[in-house]
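1. build me a model from this:
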Amino acid sequence: MLTAAHEERKIRMQYISHYISPLGAILLAADEKGLTGLWFEGQKYYGENLDTEHEEKKLPVFEQTGSWLDIYFSGKQPDFEPKIHMTGSPFRIKVWEILRKIPYGQTVTYGEIAKIIAKQEGLQTMSAQAVGGAVGHNNISVIIPCHRVVGADGSLTGYAGGIDKKLKLLALERADIGNLFIPGKGTGL
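-> Predicted coordinates for the structure are as follows:
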C-alpha cells in the first residue's frame, strides 16, 4: 500500500540543475511546485529525495535559486526566497519550518528546536536526537539553514555537507563562532 507521499512522488516530474559555489558544486532539484533539493556534491544523503527518472532543465525556480545563492555567497543576506516545496514526513517538515526562522548569522541548538516542537505538540519533552535526525535529512541545504544548528555545548556537529562547510557558511554570515568548536570525535564528522 502506497502512502499519499509515495503517490505524490510517483506522479510528479523532477528536474535538476547545477550551481558552482565557492564551496563546491551544488545539485539543485525541483518539481512543478518548487525547489525540492539543494545538495553539495558528495554530501551525506546526496540526492535523497530525487527520483531516478528526472530531467535537466532550465526553470524559473533554478534561476531564482541561482540569484539567491549569488547574493548569499557574496556575503549578503538575500531579501527573497525561491519557491520551496519541502517533501518529507510531517515531523521533518515541522523541524525544517523552524530552521527557516533561524535569523541570518545566528545559531540555535538542537535542544532549543526540540523545546519548540514539544511546545507546538503539547508535549513535556522532545528528543534533541530526533530533531538532529530531521535536521540532518534537510534536502534544501543553505536556503533552509541547517548549518545554523549547533550542539548544546557549542560543538559544530551534524552537518551533512561536512563540518568544514558548516564553519565556512557561518563565517560567511559573520556569525559569532568564537564559542563554537569542532569536536574531536562524533557522528557529525
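2. okay, now L172: neighbour count?
-> 18 (other Cβ atoms under 10 Å). Bear in mind the C-beta positions are built from the backbone N, C-alpha and C, glycine included.
3. can you tell me how far it is from G136?
-> With distances taken as Cβ to Cβ, to the nearest Å, L172 is found 21 Å from G136.
4. same check, this time on T36
-> 17 Å.
5. okay, these two: which has more neighbours?
-> T36 (25 against 18).
6. tell me the contacts of the more buried one?
-> Q14, A29, A30, N49, L50, H85, M86, T87, N139, I140 (Cβ atoms under 8 Å, 6 or more residues apart in numbering).
7. quick one: secondary structure of it?
-> Of the three states, T36 takes strand under DSSP: H, G, I helix; E, B strand; the rest coil.
8. which stretches of the chain form helices?
-> Ranges of helices within the chain are 4-11, 60-73, 90-100, 110-121, 128-136, 163-172, based on DSSP state H.
9. most tightly surrounded among those?
-> Mean neighbour count (mean count of other Cβ atoms under 10 Å) peaks for helix 128-136 among the helices of the chain, with a mean of 20.
10. helices or strands next to that one in the packing?
-> When contacts are defined as 3 or more Cβ pairs under 8 Å, 6 or more residues apart in numbering; DSSP states H and E, helix 128-136 packs onto helix 90-100, helix 110-121.
11. same list (the helices of the chain) but as a markdown table, adding distance to I182.
-> Listed next are these as a markdown table, based on distance: least, Cβ to Cβ, whole Å:
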| stretch | distance to I182 |
| --- | --- |
| helix 4-11 | 36 |
| helix 60-73 | 22 |
| helix 90-100 | 21 |
| helix 110-121 | 16 |
| helix 128-136 | 17 |
| helix 163-172 | 6 |
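12. rebuild those helices as a markdown table, extending it with mean pLDDT.
-> Below are the helices of the chain laid out as a markdown table (pLDDT from 0 to 100):
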| stretch | mean pLDDT |
| --- | --- |
| helix 4-11 | 53 |
| helix 60-73 | 98 |
| helix 90-100 | 97 |
| helix 110-121 | 96 |
| helix 128-136 | 94 |
| helix 163-172 | 95 |
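13. which ones are touching the spatially most central residue of the chain?
-> By Cα atoms, centre = their mean, the chain has its centre lying nearest to S141, at 3.1 Å. By Cβ under 8 Å, 6+ apart, S141 lies in contact with L38, W39, F40, Q43, H147, A160, G161.
14. swap in Q64?
-> For Q64, counting by Cβ under 8 Å, 6+ apart, the contacting residues are F80, P82, K83.
15. one more pass at 10 Å, please.
-> Q64 makes contact with A30, G34, L35, P78, F80, E81, P82, K83, according to Cβ atoms under 10 Å, 6 or more residues apart in numbering.
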